[in-house]
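Undergrad: fold the stuff below for me.
(2 chains)
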Amino acid sequence: MQFLTYLVRGISLGSVYALIALGYTMVYGIAKMLNFAHGDVIMVGGYVVFFAFCKNGFNPWISVLIAMGACMLLGITIERVAYKPLRGTPSLAVLITAIGVSYFLQNGAMLLWKSDPKSFSSIVGINGLNLFGGKLQISAETIVTIITSIVIMIVLMWFVKKTKPGHAMQAVSEDRGAAQLMGINVNGIISLTFAIGSALAAIAGALLLSSYPTLMPTTGAMPGIKAFTAAVFGGIGSIPGAFLGGILLGIIENLSKAYISTQLSDAIVFLVLIVILLVRPTGLLGKKTTVKV
Amino acid sequence: MANNKKMKKTTRSNLLMFGFVIVFWAVIQVVSLTGHMTSKLNGLLIPVCAYIIMAISLNLVVGFLGELSLGHAAFMSAGAFAGIFFYTTVGATLPKAAALVISFILGGAAAGLFGILVGVPVLRLSGDYLAIVTLASGEILKNVLSALYIGKDSTGIHFSLKDQFSLGLKPDGKMLIKGAMGIPGIQKFSNFTVGVILILITLAFIVNLKNSRAGRAITAIRDDEIAARATGLNLTHYKLLAFVSAAVFAGIAGVLYALNYSTLVADKFDYNLSINVLVMVVLGGMGNIFGGMIAAILLTILPEMLRGFSQYRMFIYSIVLIVMMLFNQAPALVAWRQRLVSKVKGEDRKAEEKVETADASYFEEMKSKSNEKTGNEESVKEEK
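TA: Reported below is the predicted structural model:
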């Protein structure tokens, strides 16, 4: 029964990773860049929810909507100001700029909201489940997180497969130049991708902080890197892959925390990343690509 | 002067670098001999030397090999722990000079080994994946070192990755590495001259490497990996050479840095430190060793000298990173800069031509630089 508790907790954490990884994987698939600042957008989303919901007592739905809007704006601005001018330059340049943006958000938040940790109150208002006569307790946060991430994954897959902007995204991801020749507004599609990814980050931030209620300017950094690990695990660019990778990573992390060592759980997660990149660089559900001259 | 002119440009700029380090050393000597040295500045001398070595060595990976390493602090950490562990245990029984020399060598060797361990698998990757894996391996090392306990008693040496008590030390035992508390009670050694000598050694190695056959191979891989492979270069060999050399010097810098403090903890060598060094390299100009050195000095001394600046320090660093990358790399800004420069020189016509190619490159990512150049020449011919 203890194992089941750890497993459920792992799936819950994994669902948050999955939500963040969905944002990573979309941006990576379409803009072909590793948006290092994605984890810090989660943190900004967390602060917005904190001020709207915990401080000013807004309705949780409205608070999350405000945070989504704020993060969308932030994501689009970051893309326009920092990443768009560098389109077409070596990936090293874009990557360093992305690290710069990540640092900018972290330290900006530190100046704006101070570095002392804020305690976040859960946005979930319902009661948890007690199964097997109280032996297995599942918190409401866990249930909401898991359901949210499944719903979002399904909606995203529908959006990409069935709608016109979704088709345009696929086209841009496949071949940016050709997509442009077909009359697709490439800049618009990339902005849209950043907007969706950032909005997901806001939801992920609210859910992450509901389960792990310590909010600091560096809150987003670790989950961000781990979610990238999850995206790579599942196969970067693939939406179901990001979901699967997130869940698996959450389970691995929680089980190693429970059965191996708390201190070494991060090391184990990163070891998984390294092994996967070496054994199967395209991830579990990724497509194989070859570099041509 | 006449002699100088005959020299190759590279030789001259290299001598300038060595000269600069020696002048830097001399200035500090004069300042301290005349009694103007403040204790604050004195405490910064060794970190400055360590950061200079870090910046030079990271430049080898980022500037010359063109791959982003986000785990440079991990090599520093590996070197520091190996060197200091020796220094506080076996080294305590040796004469000090010998203990120091062996500590530096051991630190470099340990970091180099860790570099091989990380590099052999990792260098099969490139770009974003390589960067994230270097970050991951840095975090792994930090976590493992923070959980490492080593103790010694009459029955021998005990290891544990759990806690102090699982070592099962006898009452006469002594803790050597205390997990997150690191290695305590280091007999401090901070000698600026030693730091400068280490900088000169690093500089001599890197400058020689840069101007050698291997160095040219490394920059060729940076500029076009596929072309480099097509000319028969052994990519793995040269990538590993650059990566491991950088690791060795980072390890030496780690020993130098750690000797300056009485305790050594793994948490000090985190992701932030890697980014700090990266900012130095980017600010100094990627691939520009001299620039990196100047940036390392400025970015170590300035924040300590300006009171109340420290809370804005990382914020300003982040802006420096973004602005420098945009300024140096963004096609539109590069074109604008070229236009500005040629306007000053009164060559408007040529500038317009360059703007055209810059705009074209905006859409055609895959076109290599040489292609653009020939394209440019052709268009000039056509106009004539």
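Undergrad: can you count the residues close to the closest residue to chain A within the stretch 151-300 of chain B?
TA: Nearest residue of the stretch 151-300 of chain B to chain A (CB to the nearest CB) works out as residue B:226 at 5.4 Å. Backbone N, C-alpha and C define where each C-beta goes, glycine included. Residue B:226 has 11 neighbours, counted by other CB atoms under 10 Å in any protein chain shown.
Undergrad: can you say which helix or strand has it in it?
TA: Following DSSP states H and E, one finds residue B:226 within helix B:225-230.
Undergrad: right, and the helix or strand after that helix?
TA: helix B:235-258.
Undergrad: hmm, that following helix touching chain A?
TA: No: applying CB under 8 Å from any CB of the partner chain, one finds helix B:235-258 separated from chain A by no less than 13.0 Å.
Undergrad: pull out the buried residues from that helix.
TA: Under the neighbour-count criterion of 16 or more other CB atoms under 10 Å in any protein chain shown, helix B:235-258 has B:235, B:238-258 buried.
Undergrad: could you find the closest non-adjacent residue to residue B:161?
TA: Distances taken as CB to CB, 6 or more residues apart in numbering or on different chains put residue B:147 closest to residue B:161, at 5.1 Å, once the chain neighbours are dropped.
Undergrad: what residues does the stretch 151-293 of chain A put near chain B?
TA: Contact residues, the stretch 151-293 of chain A versus chain B (CB under 8 Å from any CB): A:177, A:180, A:225, A:228-229, A:232, A:261, A:263-264, A:266-267, A:270-271, A:273-274, A:277-278, A:281, A:291, A:293.
Undergrad: what sits against the residue nearest to residue A:176 when sequence neighbours are not counted?
TA: Using CB to CB, 6+ apart and skipping the chain neighbours, the partner closest in space to residue A:176 is residue A:186 (5.8 Å). By CB atoms under 8 Å, 6 or more residues apart in numbering or on different chains, residue A:186 lies in contact with A:172, A:176, A:179, A:180.
Undergrad: out of these, which are buried?
TA: Of the contacts of residue A:186, these count as buried by 16+ other CB under 10 Å: A:172, A:176, A:179, A:180.
Undergrad: can you lay out these as TSV showing pLDDT?
TA: Formatted as TSV, those follow (pLDDT from 0 to 100):
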residue	pLDDT
A:172	90
A:176	86
A:179	89
A:180	89
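Undergrad: would you reformat these as TSV and include secondary structure?
TA: Converted to TSV, the buried ones among the contacts of residue A:186 look like this (DSSP: H, G, I helix; E, B strand; the rest coil):
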residue	secondary structure
A:172	helix
A:176	helix
A:179	helix
A:180	helix
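Undergrad: closest to residue B:20 among those residues?
TA: Ranked by distance to residue B:20 (CB to CB), the buried ones among the contacts of residue A:186 are led by residue A:176 at 44.9 Å.
Undergrad: where does that closest one sit relative to residue A:49, distance-wise?
TA: 35 Å (CB to CB, to the nearest Å).
Undergrad: also residue B:268?
TA: For residue B:268, the distance to residue A:49 (CB to CB) stands at 34 Å.
Undergrad: do residue A:213 as well
TA: Distance of residue A:213 to residue A:49, computed by CB to CB: 11 Å.
Undergrad: compare the two (neighbour count), which wins?
TA: Using other CB under 10 Å as the criterion, residue A:213 and residue A:49 rank with residue A:49 on top: 30 against 17.
Undergrad: just the CA trace of the helix or strand hosting the more buried one, in PDB.
TA: Take DSSP H and E as the rule and residue A:49 turns out to sit in helix A:38-49. What follows is helix A:38-49, C-alpha atoms only, in PDB (Å, rounded to 0.1, in the frame of the first residue of the first chain):
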ATOM      1  CA  HIS A  38      10.300  28.200 -19.700                       C
ATOM      2  CA  GLY A  39      10.800  27.100 -16.100                       C
ATOM      3  CA  ASP A  40      11.000  30.700 -15.000                       C
ATOM      4  CA  VAL A  41       7.700  31.500 -16.700                       C
ATOM      5  CA  ILE A  42       6.200  28.900 -14.400                       C
ATOM      6  CA  MET A  43       7.600  30.900 -11.500                       C
ATOM      7  CA  VAL A  44       6.100  34.100 -12.800                       C
ATOM      8  CA  GLY A  45       2.800  32.400 -13.300                       C
ATOM      9  CA  GLY A  46       3.000  31.100  -9.700                       C
ATOM     10  CA  TYR A  47       3.600  34.700  -8.400                       C
ATOM     11  CA  VAL A  48       0.600  36.000 -10.400                       C
ATOM     12  CA  VAL A  49      -1.700  33.300  -8.900                       C
END
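Undergrad: so who does residue A:279 touch?
TA: Counting by CB under 8 Å, 6+ apart, residue A:279 touches no other residue.
Undergrad: contact residues of the stretch 1-150 of chain B facing chain A?
TA: Proximity of the stretch 1-150 of chain B to chain A is confined to B:62, B:66-68, B:70, B:121-122, B:124-125, B:127-129, B:131-133, B:135-137, B:139-140, B:143-144, B:146-147 under the rule CB under 8 Å from any CB.
Undergrad: mind giving me the PyMOL command for buried ones among the residues you listed?
TA: In PyMOL, a selection of the buried entries from these looks like this (16+ other CB under 10 Å):
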select buried, chain B and resi 62+66+67+68+70+121+122+124+125+127+128+129+131+132+133+135+136+137+139+140+143+146+147
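Undergrad: check the gap between residue B:110 and chain A for me.
TA: The gap separating residue B:110 from chain A is 18 Å, by CB to the nearest CB, to the nearest Å.
Undergrad: looking at it, that residue is touching residue B:79, isn't it?
TA: Yes: counting by CB atoms under 8 Å, residue B:79 is a contact partner of residue B:110 at 5.7 Å.
Undergrad: what touches both of the two?
TA: With CB under 8 Å, 6+ apart as the test, residue B:110 and residue B:79 both reach residue B:251.
Undergrad: between these two, which one's more packed in?
TA: Between residue B:110 and residue B:79, residue B:79 has the larger neighbour count (other CB under 10 Å), namely 34 against 25.
Undergrad: contacts only, for that one.
TA: The contact partners of residue B:79, taken as CB under 8 Å, 6+ apart, are B:107, B:108, B:110, B:111, B:250, B:251, B:252, B:253, B:254, B:255.
Undergrad: with residue B:259 instead?
TA: Counting by CB under 8 Å, 6+ apart, residue B:259 touches B:46, B:84, B:87, B:100, B:103, B:186, B:188, B:189, B:190.
Undergrad: what ranges do the helices span in the stretch 1-150 of chain B?
TA: In the stretch 1-150 of chain B, the helices defined using DSSP state H, counting those that start in this stretch lie at B:2-6, B:9-33, B:39-59, B:72-88, B:96-122, B:127-146.
Undergrad: make TSV out of these and add mean pLDDT and distance to residue A:193.
TA: Shown next, in TSV, are those (pLDDT from 0 to 100; distance: least, CB to CB, whole Å):
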stretch	mean pLDDT	distance to residue A:193
helix B:2-6	52	55
helix B:9-33	82	44
helix B:39-59	88	32
helix B:72-88	91	32
helix B:96-122	89	29
helix B:127-146	86	17
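Undergrad: now for those helices, which one comes closest to residue B:319?
TA: Among those, the nearest to residue B:319 by CB to CB is helix B:39-59 (19.3 Å).
Undergrad: so how far is that closest one from its chain's centroid?
TA: Computed by CA atoms, centre = their mean, to the nearest Å, the separation of helix B:39-59 from the middle of its chain amounts to 11 Å.
Undergrad: and that helix, what does it pack onto?
TA: helix B:9-33, helix B:72-88, helix B:192-210, helix B:235-258, helix B:271-284, helix B:289-305 (3 or more CB pairs under 8 Å, 6 or more residues apart in numbering or on different chains; DSSP states H and E).
Undergrad: who wins for proximity to residue A:108 among those?
TA: The closest of these to residue A:108 is helix B:271-284. By CB to CB, the value is 15.4 Å.
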